[in-house]
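Engineer: Any chance you can model this:
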Amino acid sequence: MNNGRNNGSYKHGLFGGWREYRYGSKRAKKVYDPSKKVAKPEPEYVKQVAEGLVNWKSNPWEKEAAMTHYLRRRNIQNARKLDWQAAEDLAEATVRMAFNTIGRGLETRPKKDEGQLEHTISEDYCLGCFGPLSDEDVLRQRRFCCDDCARLVIARRKFSRTRQAIRDGEIDKIGLAAYIELEKAKTKPRCCDHCGDTFRPRYEWKDQRFCSKYCQSKAQETIQPRNCKCCNKSFRPVANSAVYCSKDCEVKGRSMVTYERECAWCGSSFLANGGKAKFCCGAHAQAHHRATRGKLPPKLAPPVFDFLFAA
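Structural biologist: Just a heads-up that it's a prediction; the model follows:
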(Lines give C-alpha, C1' and ligand atoms only; values in the text may rest on other atoms or scores of the structure.)
Protein backbone atom coordinates (compact mmCIF):
# COMPACT_ATOMS: atom_id res chain seq x y z
CA MET A 1 0.00 0.00 0.00
CA ASN A 2 1.46 3.35 -1.04
CA ASN A 3 1.54 5.92 1.71
CA GLY A 4 3.01 9.40 2.06
CA ARG A 5 4.78 10.75 -1.02
CA ASN A 6 4.13 7.53 -2.96
CA ASN A 7 0.38 8.09 -2.84
CA GLY A 8 -0.63 9.55 -6.20
CA SER A 9 -3.69 11.45 -4.97
CA TYR A 10 -2.00 12.88 -1.83
CA LYS A 11 -5.26 12.46 0.04
CA HIS A 12 -3.96 10.74 3.14
CA GLY A 13 -0.21 11.25 2.91
CA LEU A 14 2.25 13.89 4.00
CA PHE A 15 0.74 16.55 1.74
CA GLY A 16 -2.86 15.44 1.98
CA GLY A 17 -5.26 17.60 -0.08
CA TRP A 18 -2.48 19.50 -1.88
CA ARG A 19 -3.09 17.94 -5.28
CA GLU A 20 -6.82 18.74 -5.15
CA TYR A 21 -6.03 22.27 -4.05
CA ARG A 22 -3.51 22.71 -6.89
CA TYR A 23 -5.13 20.83 -9.75
CA GLY A 24 -8.69 20.35 -8.62
CA SER A 25 -10.61 17.23 -7.76
CA LYS A 26 -10.82 14.32 -10.18
CA ARG A 27 -14.53 14.09 -9.55
CA ALA A 28 -16.61 16.14 -11.99
CA LYS A 29 -18.43 19.05 -10.35
CA LYS A 30 -22.18 19.30 -10.69
CA VAL A 31 -23.16 22.73 -11.97
CA TYR A 32 -26.72 23.85 -11.36
CA ASP A 33 -28.50 24.64 -14.61
CA PRO A 34 -31.86 26.38 -14.05
CA SER A 35 -32.95 25.92 -17.68
CA LYS A 36 -32.95 22.13 -17.33
CA LYS A 37 -34.43 21.63 -13.88
CA VAL A 38 -36.92 24.46 -13.44
CA ALA A 39 -40.23 23.89 -15.14
CA LYS A 40 -42.47 26.67 -16.38
CA PRO A 41 -45.39 27.63 -14.14
CA GLU A 42 -48.74 26.30 -15.25
CA PRO A 43 -51.18 29.04 -16.38
CA GLU A 44 -54.09 27.61 -14.40
CA TYR A 45 -51.99 27.45 -11.23
CA VAL A 46 -50.80 31.02 -11.81
CA LYS A 47 -54.43 32.16 -11.89
CA GLN A 48 -55.10 30.46 -8.55
CA VAL A 49 -52.07 32.16 -6.99
CA ALA A 50 -53.19 35.52 -8.42
CA GLU A 51 -56.61 35.11 -6.78
CA GLY A 52 -54.87 34.70 -3.44
CA LEU A 53 -52.72 37.82 -3.95
CA VAL A 54 -55.49 40.19 -5.08
CA ASN A 55 -56.87 41.07 -1.63
CA TRP A 56 -54.62 43.01 0.72
CA LYS A 57 -54.94 45.28 3.78
CA SER A 58 -51.85 47.42 4.37
CA ASN A 59 -49.53 46.61 1.44
CA PRO A 60 -50.24 45.21 -2.07
CA TRP A 61 -47.14 42.96 -1.75
CA GLU A 62 -47.66 41.82 1.86
CA LYS A 63 -48.41 38.20 0.86
CA GLU A 64 -45.44 37.77 -1.47
CA ALA A 65 -43.01 36.18 1.03
CA ALA A 66 -45.61 33.84 2.56
CA MET A 67 -46.85 32.73 -0.88
CA THR A 68 -43.30 32.10 -2.14
CA HIS A 69 -42.49 30.05 0.98
CA TYR A 70 -45.66 27.98 0.58
CA LEU A 71 -45.01 27.29 -3.11
CA ARG A 72 -41.38 26.34 -2.46
CA ARG A 73 -42.37 23.85 0.22
CA ARG A 74 -45.14 22.46 -2.00
CA ASN A 75 -42.73 21.97 -4.93
CA ILE A 76 -40.25 20.11 -2.71
CA GLN A 77 -42.64 17.83 -0.81
CA ASN A 78 -45.87 17.24 -2.66
CA ALA A 79 -46.18 18.24 -6.28
CA ARG A 80 -42.92 18.18 -8.23
CA LYS A 81 -40.35 16.84 -5.71
CA LEU A 82 -37.63 19.22 -6.84
CA ASP A 83 -34.46 20.19 -5.04
CA TRP A 84 -34.39 23.34 -2.93
CA GLN A 85 -32.95 25.76 -5.54
CA ALA A 86 -35.19 24.54 -8.36
CA ALA A 87 -38.25 24.78 -6.11
CA GLU A 88 -37.25 28.32 -5.09
CA ASP A 89 -36.87 29.48 -8.71
CA LEU A 90 -40.19 27.93 -9.71
CA ALA A 91 -41.97 29.56 -6.76
CA GLU A 92 -40.50 32.99 -7.55
CA ALA A 93 -41.46 32.68 -11.23
CA THR A 94 -45.03 31.69 -10.30
CA VAL A 95 -45.47 34.62 -7.91
CA ARG A 96 -43.95 37.06 -10.41
CA MET A 97 -46.31 35.94 -13.19
CA ALA A 98 -49.26 36.14 -10.79
CA PHE A 99 -48.39 39.74 -9.90
CA ASN A 100 -48.09 40.60 -13.60
CA THR A 101 -51.56 39.21 -14.32
CA ILE A 102 -53.16 41.47 -11.67
CA GLY A 103 -51.20 44.56 -12.73
CA ARG A 104 -48.55 44.68 -9.99
CA GLY A 105 -45.34 44.20 -11.93
CA LEU A 106 -41.85 45.38 -11.09
CA GLU A 107 -42.55 48.85 -12.49
CA THR A 108 -45.33 49.41 -9.92
CA ARG A 109 -43.25 48.50 -6.87
CA PRO A 110 -42.54 51.33 -4.43
CA LYS A 111 -39.04 52.76 -4.15
CA LYS A 112 -36.94 52.77 -1.00
CA ASP A 113 -38.18 56.18 0.13
CA GLU A 114 -41.79 55.27 -0.61
CA GLY A 115 -41.53 52.31 1.75
CA GLN A 116 -41.03 54.52 4.79
CA LEU A 117 -43.62 55.12 7.49
CA GLU A 118 -44.85 58.46 6.12
CA HIS A 119 -46.12 56.87 2.91
CA THR A 120 -48.46 54.53 4.81
CA ILE A 121 -50.32 57.44 6.46
CA SER A 122 -53.53 58.63 4.84
CA GLU A 123 -54.08 62.19 3.65
CA ASP A 124 -56.26 62.98 6.68
CA TYR A 125 -53.33 62.88 9.14
CA CYS A 126 -50.21 64.99 9.60
CA LEU A 127 -46.90 63.51 8.47
CA GLY A 128 -45.02 65.09 11.36
CA CYS A 129 -47.04 64.41 14.51
CA PHE A 130 -49.44 61.86 12.90
CA GLY A 131 -52.40 63.78 14.28
CA PRO A 132 -55.66 64.43 12.38
CA LEU A 133 -55.78 67.37 9.98
CA SER A 134 -58.59 69.90 9.77
CA ASP A 135 -61.10 69.87 6.93
CA GLU A 136 -59.55 73.03 5.51
CA ASP A 137 -56.07 71.47 5.40
CA VAL A 138 -57.42 68.33 3.73
CA LEU A 139 -59.26 70.44 1.15
CA ARG A 140 -56.08 72.37 0.34
CA GLN A 141 -54.08 69.12 0.20
CA ARG A 142 -51.75 70.08 3.03
CA ARG A 143 -49.78 67.27 4.70
CA PHE A 144 -48.68 69.11 7.84
CA CYS A 145 -50.67 70.76 10.60
CA CYS A 146 -48.00 73.39 11.38
CA ASP A 147 -44.54 74.57 10.37
CA ASP A 148 -42.88 72.76 13.27
CA CYS A 149 -44.04 69.41 11.89
CA ALA A 150 -42.58 70.29 8.50
CA ARG A 151 -39.22 71.13 10.08
CA LEU A 152 -39.36 67.87 12.03
CA VAL A 153 -39.85 65.85 8.84
CA ILE A 154 -36.95 67.60 7.09
CA ALA A 155 -34.65 66.92 10.06
CA ARG A 156 -35.84 63.33 10.35
CA ARG A 157 -35.37 62.40 6.68
CA LYS A 158 -32.18 64.43 6.02
CA PHE A 159 -33.76 66.16 3.02
CA SER A 160 -31.35 67.72 0.51
CA ARG A 161 -32.23 69.86 -2.47
CA THR A 162 -28.87 69.89 -4.27
CA ARG A 163 -28.49 69.93 -8.03
CA GLN A 164 -26.88 66.49 -7.99
CA ALA A 165 -29.86 65.03 -6.14
CA ILE A 166 -32.26 66.61 -8.63
CA ARG A 167 -30.19 65.31 -11.55
CA ASP A 168 -30.11 61.77 -10.14
CA GLY A 169 -33.84 61.79 -9.37
CA GLU A 170 -33.29 61.21 -5.64
CA ILE A 171 -35.58 63.99 -4.39
CA ASP A 172 -37.73 62.75 -1.52
CA LYS A 173 -41.40 63.61 -2.10
CA ILE A 174 -42.24 63.85 1.59
CA GLY A 175 -39.24 66.06 2.29
CA LEU A 176 -40.08 68.21 -0.73
CA ALA A 177 -43.64 68.67 0.56
CA ALA A 178 -42.24 69.86 3.91
CA TYR A 179 -39.82 72.20 2.16
CA ILE A 180 -42.65 73.73 0.09
CA GLU A 181 -44.72 74.20 3.24
CA LEU A 182 -41.91 76.19 4.86
CA GLU A 183 -41.51 78.28 1.69
CA LYS A 184 -45.21 79.18 1.78
CA ALA A 185 -44.83 80.48 5.33
CA LYS A 186 -42.45 83.20 4.06
CA THR A 187 -44.82 84.67 1.43
CA LYS A 188 -47.58 87.21 1.92
CA PRO A 189 -51.18 85.94 2.17
CA ARG A 190 -53.60 86.58 -0.68
CA CYS A 191 -57.28 85.98 -1.36
CA CYS A 192 -58.63 83.04 -3.40
CA ASP A 193 -60.70 84.08 -6.43
CA HIS A 194 -63.22 81.26 -5.93
CA CYS A 195 -63.84 80.69 -2.20
CA GLY A 196 -62.51 84.02 -0.90
CA ASP A 197 -60.31 82.46 1.81
CA THR A 198 -56.78 83.68 2.43
CA PHE A 199 -53.82 81.46 1.50
CA ARG A 200 -50.06 81.70 1.04
CA PRO A 201 -48.61 80.88 -2.40
CA ARG A 202 -45.30 79.10 -2.82
CA TYR A 203 -43.71 81.93 -4.82
CA GLU A 204 -44.36 85.62 -4.27
CA TRP A 205 -43.79 86.52 -7.93
CA LYS A 206 -46.14 83.85 -9.29
CA ASP A 207 -49.70 84.86 -10.17
CA GLN A 208 -51.51 82.15 -8.20
CA ARG A 209 -55.22 82.88 -8.04
CA PHE A 210 -56.62 79.81 -6.25
CA CYS A 211 -55.81 78.26 -2.89
CA SER A 212 -56.10 74.63 -4.04
CA LYS A 213 -56.78 72.45 -7.04
CA TYR A 214 -60.33 71.98 -5.81
CA CYS A 215 -61.06 75.71 -6.15
CA GLN A 216 -59.31 75.78 -9.50
CA SER A 217 -61.48 72.95 -10.86
CA LYS A 218 -64.63 74.58 -9.50
CA ALA A 219 -63.69 77.86 -11.16
CA GLN A 220 -63.21 76.08 -14.47
CA GLU A 221 -66.77 74.77 -14.29
CA THR A 222 -67.97 78.28 -15.12
CA ILE A 223 -66.94 77.64 -18.74
CA GLN A 224 -69.90 76.18 -20.57
CA PRO A 225 -69.53 72.69 -22.08
CA ARG A 226 -69.08 72.46 -25.84
CA ASN A 227 -68.84 69.81 -28.56
CA CYS A 228 -65.50 68.53 -29.75
CA LYS A 229 -64.56 69.69 -33.23
CA CYS A 230 -63.36 66.20 -34.18
CA CYS A 231 -65.53 63.56 -32.46
CA ASN A 232 -68.50 65.86 -31.72
CA LYS A 233 -68.69 64.72 -28.07
CA SER A 234 -69.62 67.13 -25.30
CA PHE A 235 -66.80 68.12 -22.92
CA ARG A 236 -65.95 70.88 -20.46
CA PRO A 237 -62.78 72.69 -21.60
CA VAL A 238 -60.04 73.80 -19.24
CA ALA A 239 -59.43 76.98 -21.23
CA ASN A 240 -61.95 79.02 -23.15
CA SER A 241 -59.98 78.61 -26.40
CA ALA A 242 -60.02 74.77 -26.36
CA VAL A 243 -61.92 73.16 -29.24
CA TYR A 244 -60.81 69.50 -28.86
CA CYS A 245 -61.60 67.16 -25.98
CA SER A 246 -58.26 65.30 -26.01
CA LYS A 247 -54.84 65.17 -27.62
CA ASP A 248 -55.89 62.38 -29.98
CA CYS A 249 -58.79 64.42 -31.28
CA GLU A 250 -56.50 67.41 -31.68
CA VAL A 251 -54.06 65.44 -33.82
CA LYS A 252 -56.87 63.95 -35.92
CA GLY A 253 -58.64 67.28 -36.28
CA ARG A 254 -55.54 69.11 -37.45
CA SER A 255 -54.75 66.38 -39.98
CA MET A 256 -58.26 66.69 -41.43
CA VAL A 257 -57.82 70.41 -42.17
CA THR A 258 -56.04 71.06 -45.49
CA TYR A 259 -54.80 74.23 -47.16
CA GLU A 260 -54.28 74.84 -50.86
CA ARG A 261 -50.76 76.21 -51.37
CA GLU A 262 -48.46 77.01 -54.30
CA CYS A 263 -44.98 75.46 -54.39
CA ALA A 264 -42.18 78.06 -54.28
CA TRP A 265 -39.98 75.87 -56.52
CA CYS A 266 -42.15 74.35 -59.25
CA GLY A 267 -45.20 76.63 -58.99
CA SER A 268 -47.72 73.77 -58.84
CA SER A 269 -50.60 73.84 -56.38
CA PHE A 270 -50.80 71.22 -53.61
CA LEU A 271 -52.77 70.46 -50.45
CA ALA A 272 -50.95 70.88 -47.12
CA ASN A 273 -51.88 70.24 -43.49
CA GLY A 274 -50.50 73.61 -42.41
CA GLY A 275 -51.01 77.08 -43.77
CA LYS A 276 -47.26 77.88 -43.83
CA ALA A 277 -46.12 75.11 -46.20
CA LYS A 278 -43.93 76.38 -49.09
CA PHE A 279 -42.96 73.26 -51.03
CA CYS A 280 -44.89 70.33 -52.37
CA CYS A 281 -42.18 67.76 -51.52
CA GLY A 282 -38.84 67.43 -49.79
CA ALA A 283 -36.87 67.26 -53.06
CA HIS A 284 -38.13 70.68 -54.16
CA ALA A 285 -37.32 72.12 -50.72
CA GLN A 286 -33.76 70.79 -51.00
CA ALA A 287 -33.41 72.12 -54.55
CA HIS A 288 -34.64 75.56 -53.47
CA HIS A 289 -32.14 75.58 -50.63
CA ARG A 290 -29.30 74.77 -53.04
CA ALA A 291 -30.45 77.42 -55.50
CA THR A 292 -30.34 80.12 -52.82
CA ARG A 293 -26.68 79.24 -52.32
CA GLY A 294 -25.96 79.47 -56.07
CA LYS A 295 -25.89 75.71 -56.77
CA LEU A 296 -28.51 74.82 -59.36
CA PRO A 297 -29.14 71.13 -60.14
CA PRO A 298 -27.56 69.84 -63.40
CA LYS A 299 -30.98 68.97 -64.90
CA LEU A 300 -34.22 70.93 -64.64
CA ALA A 301 -37.64 69.75 -65.68
CA PRO A 302 -39.36 71.95 -68.30
CA PRO A 303 -42.08 73.20 -65.90
CA VAL A 304 -39.43 74.12 -63.33
CA PHE A 305 -37.27 75.84 -65.94
CA ASP A 306 -40.24 77.87 -67.22
CA PHE A 307 -41.25 78.81 -63.66
CA LEU A 308 -37.76 79.98 -62.68
CA PHE A 309 -36.66 81.75 -65.85
CA ALA A 310 -39.95 83.06 -67.15
CA ALA A 311 -40.01 86.73 -67.93
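Engineer: Remind me what the helix ranked longest in the chain packs against, helices and strands.
Structural biologist: Using DSSP state H, we find that the single longest helix of the chain is helix 84-101. Contacts defined by 3 or more Cβ pairs under 8 Å, 6 or more residues apart in numbering; DSSP states H and E place helix 84-101 against helix 34-37, helix 43-54, helix 64-77. Just so you know, the C-beta spots here come from the backbone N, C-alpha and C atoms, and that holds for glycine as well.
Engineer: winner for burial among the ones you listed?
Structural biologist: helix 64-77 (a mean of 16; mean count of other Cβ atoms under 10 Å).
Engineer: before we move on, the earlier item: what is the mean pLDDT for the helix or strand following the longest helix of the chain?
Structural biologist: Next helix or strand after helix 84-101 toward the C-terminus (DSSP states H and E): helix 135-139. Average pLDDT, helix 135-139: 81.
Engineer: May I see the buried residues of helix 135-139?
Structural biologist: Judged by neighbour count (16 or more other Cβ atoms under 10 Å), helix 135-139 contains these buried residues: 137-139.
Engineer: Closest to A239 out of the residues you listed?
Structural biologist: Proximity to A239 was ranked across these by Cβ to Cβ; first place goes to L139, at 24.2 Å.
Engineer: Show me the shaky parts of the stretch 201-311 of the chain.
Structural biologist: For the stretch 201-311 of the chain, applying pLDDT under 70 flags the ranges 257, 296-311.
Engineer: Export the buried residues of helix 135-139 to JSON lines and append columns for distance to R226.
Structural biologist: Formatted as JSON lines, the buried residues of helix 135-139 follow (distance: Cβ to Cβ, whole Å):
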{"residue": "D137", "distance to R226": "35"}
{"residue": "V138", "distance to R226": "33"}
{"residue": "L139", "distance to R226": "29"}
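Engineer: now, which of the residues you listed sits nearest C145?
Structural biologist: D137 (6.7 Å).
Engineer: Hmm, that closest one is touching C145, no?
Structural biologist: Yes. If you go by Cβ atoms under 8 Å, D137 and C145 touch, sitting 6.7 Å apart.
Engineer: which residues touch the spatially most central residue of the chain?
Structural biologist: With distances taken as Cα atoms, centre = their mean, E107 lies nearest the centre of the chain, 7.4 Å away. For E107, no contacting residues are found, by Cβ atoms under 8 Å, 6 or more residues apart in numbering.
Engineer: re the thing from before, so for C211, which of the helices and strands packed on helix 84-101 sits nearest?
Structural biologist: Nearest of those to C211, taken as Cβ to Cβ: helix 43-54 at 38.9 Å.
Engineer: now the angle between helix 64-77 and that closest one, please.
Structural biologist: Angle, helix 43-54 to helix 64-77, by axes from the mean of the first three to the mean of the last three Cα atoms, to 10 degrees: 150 degrees.
Engineer: the inter-axis angle of helix 43-54 versus helix 84-101?
Structural biologist: 70 degrees.
Engineer: Not counting residues beside it along the chain, what's closest to T258?
Structural biologist: Distances taken as Cβ to Cβ, 6 or more residues apart in numbering put L271 closest to T258, at 4.5 Å, once the chain neighbours are dropped.
Engineer: Quick check: phi and psi on that neighbour?
Structural biologist: For L271, the backbone dihedrals (degrees, to the nearest 10) come out as phi -100, psi 130.
Engineer: From D89, how far off is it?
Structural biologist: 60 Å (Cβ to Cβ, to the nearest Å).
Engineer: Look at those two and report which has more neighbours.
Structural biologist: Between L271 and D89, D89 has the larger neighbour count (other Cβ atoms under 10 Å), namely 18 against 10.
Engineer: For A219, give its distance to C145.
Structural biologist: Distance of A219 to C145, computed by Cβ to Cβ: 27 Å.
Engineer: of the buried residues of helix 135-139, closest to D172?
Structural biologist: Checking those against D172 by Cβ to Cβ gives D137 as the nearest, at 20.9 Å.
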